[in-house]
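Undergrad: the sequence and its predicted three-dimensional model are supplied below.
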Amino acid sequence: MPNKIIFNSQYPIITESEDLYLRSEGLIPAHTQTMAKGPSQYVNGISPKFIKRGRGAHVWDVDNNEYLDYNMAIGPISLGYAYPKTDNAIIAQLKDGITFSMMHPLEVEVAEMLREIIPNAESVRYSKSGADVTSAAIRVARAYTGKNKILCCGYHGWHDWYVSTIARNAGIPQAVKDLTFTFNYNDIDSVRRSIDDDTAAIILEPVVFDEPKNNFLHELAAFCKEKNILLIFDEMWTGFRMALGGAQEYFGITPDLATYSKAIANGMPLAILTGKKEIMNLFDTDVFFFNTFGGEALSLAAAKATIEEMKEKDVINYIHSKGSILIEGIKKIIYNLDIDYIEVKGYPFRSLINFKESAGDPLLQKSFVQQEMFKRGILWSGFHNISFSHTDMDIEYTLSVYEEILPMLKNVIVNNELASSIKGIPVQPVFRKTSDFNTKPVTK
Ligand SMILES: Cc1ncc(COP(=O)(O)O)c(C=O)c1O
């Protein structure tokens, strides 16, 4: 096998992974810094837990098993692991220094590049994580509008204003919890129901896996304008993948503010807030948003090289074409199996296998598919985050694996053997939820 994926006929040997896991027990609470990378999202006992290197779209775990990766570090790896152009830019910058006592020219150079490609980027600020920039967007929106409440949909990071809306919200004061509310994607009435005169901003991922219906995004933009509410697009996933300028370019909507991270620097930690000058100007004087590493140069050098490569090689089209082949291939397999409990959703740059409850617990179905994917050398947790390094051969191989595994899933479901076929602790739920959680301000 040219890509060396088929490395065994059994589940991977994960001795080193399990050893590190035990060493972290009681030392690193929750074991992980990123929930989606942690043991709860993989069949525990079967899946590896620690990855030590990557190249292209492939990674190697600490036991030296090779996998074709469809998570791509939960989004950041847009070009590929150890991608020469970005790595060389990082190495060149490293020789000059990482971070300095004054501003670095790359802060200006990259901002100029972003102004060219992101429709609302009249002004640009940097930081280190997605949560930093969504929180900065919320703060400046409150300052600009003089209002306090926020309406959101989906996941926006670990900070208080957002996490107050989820079940795992210990440690957040009630006064903060009383200011953020939720609406259902594609349901403009749920937006109408959840605002009041004190709503400062509506923040959402322009798309997750469902397409906007009935002109939802345009209606939302018009509604925000009418009510003097700022519209914030959280483009962590859509940015530099759906289009170079993200969903705002793709859908032709210019939000007041937008946040980016993940794919922008091919793995280096960089987050970006873009927005209209009139609003962003508040960062000049009134609104405080500063931190030590915001202008760190290695990440900016990586971002510059990543954007150049994306433009030069038409990476967006490449990702679109490979992702489309994968989606169409999976659809065909599902169709031929004549099953209605699995569907493939989303966009070519990021698609998802959705398991429905009609065939039993979706997490058990996902766990079954995941363990069989690992056995065949594919690192999978339900998604396909396509990068510039996923080759035709990778996609072809993946489809051949689906062709093998989905009938096995059908078989265990038909024979009522789903739960007993899972060889470790099944995947646990995540809290990401974008529908049926509409909460509203209490009318006084
Ligand atoms: C849509 C969205 N917004 C915000 C965030 C938070 O980003 P970070 O984890 O870098 O703080 C994430 C993280 O996955 C995300 O998916």
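TA: Everything's here; your move. Numbers count the residues shown, from 1 in each chain.
Undergrad: hey, let's count contacts and neighbours off CA atoms from now on
TA: Noted.
Undergrad: skipping adjacent residues, who's closest to whichever residue of the stretch 201-350 of the chain sits closest to the ligand in space?
TA: Relative to the ligand, the nearest point of the stretch 201-350 of the chain is Met236 (5.0 Å; C-alpha to the nearest ligand atom). Spatial nearest neighbour of Met236, chain neighbours left out: Tyr260 (4.7 Å); criterion: C-alpha to C-alpha, 6 or more residues apart in numbering.
Undergrad: what about the one you found, neighbour count?
TA: Residues lying near Tyr260 (other C-alpha atoms under 10 Å) number 27.
Undergrad: just Ile117 next, same as before
TA: 17.
Undergrad: Lys147 against Ile202, yeah?
TA: No - assessed by C-alpha atoms under 8 Å, Lys147 is found out of contact with Ile202, at 12.0 Å.
Undergrad: which one's more surrounded, the two?
TA: Legend: neighbour count by other C-alpha under 10 Å for Lys147 and Ile202, higher for Ile202 (26 against 15).
Undergrad: who's in contact with that one?
TA: Ile202 is in contact with 150-152, 224, 229-232, counting by C-alpha atoms under 8 Å, 6 or more residues apart in numbering.
Undergrad: name the residues linked to it by a beta bridge.
TA: Leu151, Leu231 (DSSP bridges).
Undergrad: which residues sit in contact with the residue nearest to Met236?
TA: Contacts of Tyr260 by C-alpha under 8 Å, 6+ apart are 130, 133, 234-237, 239, 271-273.
Undergrad: rerun at 10 Å
TA: Neighbouring residues of Tyr260 by C-alpha atoms under 10 Å, 6 or more residues apart in numbering: 126-127, 129-130, 133-134, 233-240, 245-246, 270-274.
Undergrad: do you know the pLDDT at it?
TA: With respect to pLDDT, Tyr260 scores 98.
Undergrad: cool, Ala201 as well?
TA: pLDDT, read off for Ala201, is 98.
Undergrad: which residue packs closest to it, ignoring adjacent ones?
TA: Computed as C-alpha to C-alpha, 6+ apart, the closest residue to Ala201 that is not its neighbour in sequence is Leu230, at 4.5 Å.
Undergrad: now Val315
TA: Closest residue to Val315 apart from its sequence neighbours, by C-alpha to C-alpha, 6+ apart: Phe388 at 6.1 Å.
Undergrad: which SSE is Met373 in?
TA: helix 362-375 (DSSP states H and E).
Undergrad: which helices and strands sit right next to that helix?
TA: When contacts are defined as 3 or more C-alpha pairs under 10 Å, 6 or more residues apart in numbering; DSSP states H and E, helix 362-375 sits against strand 66-69, strand 350-355, strand 378-379, helix 392-414.
Undergrad: CSV for the ones you listed, including distance to the ligand and mean pLDDT?
TA: What follows is the helices and strands packed on helix 362-375, written out as CSV (distance: least, C-alpha to the nearest ligand atom, whole Å; pLDDT from 0 to 100):
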stretch, distance to the ligand, mean pLDDT
strand 66-69, 17, 96
strand 350-355, 12, 97
strand 378-379, 18, 96
helix 392-414, 24, 97
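Undergrad: let's have the ones you listed in a markdown table, adding mean neighbour count.
TA: Shown next, in a markdown table, are those (neighbours: other C-alpha atoms under 10 Å):
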| stretch | mean neighbour count |
| --- | --- |
| strand 66-69 | 26 |
| strand 350-355 | 20 |
| strand 378-379 | 24 |
| helix 392-414 | 17 |
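Undergrad: wait, which of these is closest to Asp338?
TA: helix 392-414 (9.8 Å; C-alpha to C-alpha).
Undergrad: report the distance from that closest one to the chain centre.
TA: Computed by C-alpha atoms, centre = their mean, to the nearest Å, the chain-centroid distance of helix 392-414 equals 24 Å.
Undergrad: quick check: Ile22 touching His31?
TA: Small correction: residue 22 is Leu, not Ile. Yes - using C-alpha atoms under 10 Å, Leu22 is in contact with His31, at 9.5 Å.
Undergrad: between these two, who's got more neighbours?
TA: His31 (18 against 12).
Undergrad: export stretch 61-71 to PDB, keeping only CA atoms.
TA: The C-alpha coordinates for stretch 61-71 follow below in PDB (Å, rounded to 0.1, in the frame of the first residue of the first chain):
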ATOM      1  CA  ASP A  61       1.000   8.000  17.400                       C
ATOM      2  CA  VAL A  62       3.500   7.400  20.200                       C
ATOM      3  CA  ASP A  63       3.500   3.700  19.400                       C
ATOM      4  CA  ASN A  64       4.500   4.500  15.800                       C
ATOM      5  CA  ASN A  65       1.200   3.600  14.200                       C
ATOM      6  CA  GLU A  66       0.400   5.700  11.200                       C
ATOM      7  CA  TYR A  67      -3.000   7.200  10.500                       C
ATOM      8  CA  LEU A  68      -4.600   9.300   7.800                       C
ATOM      9  CA  ASP A  69      -6.000  12.200   9.800                       C
ATOM     10  CA  TYR A  70      -9.500  13.700   9.300                       C
ATOM     11  CA  ASN A  71      -9.400  16.000  12.400                       C
END
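Undergrad: quick one on the thing from earlier: of the helices and strands packed on helix 362-375, which approaches Leu282 most closely?
TA: The nearest among the helices and strands packed on helix 362-375, by C-alpha to C-alpha, is strand 350-355 at 34.7 Å.
Undergrad: check which helices and strands that closest one sits against.
TA: helix 315-337, strand 342-347, helix 362-375, strand 383-385.
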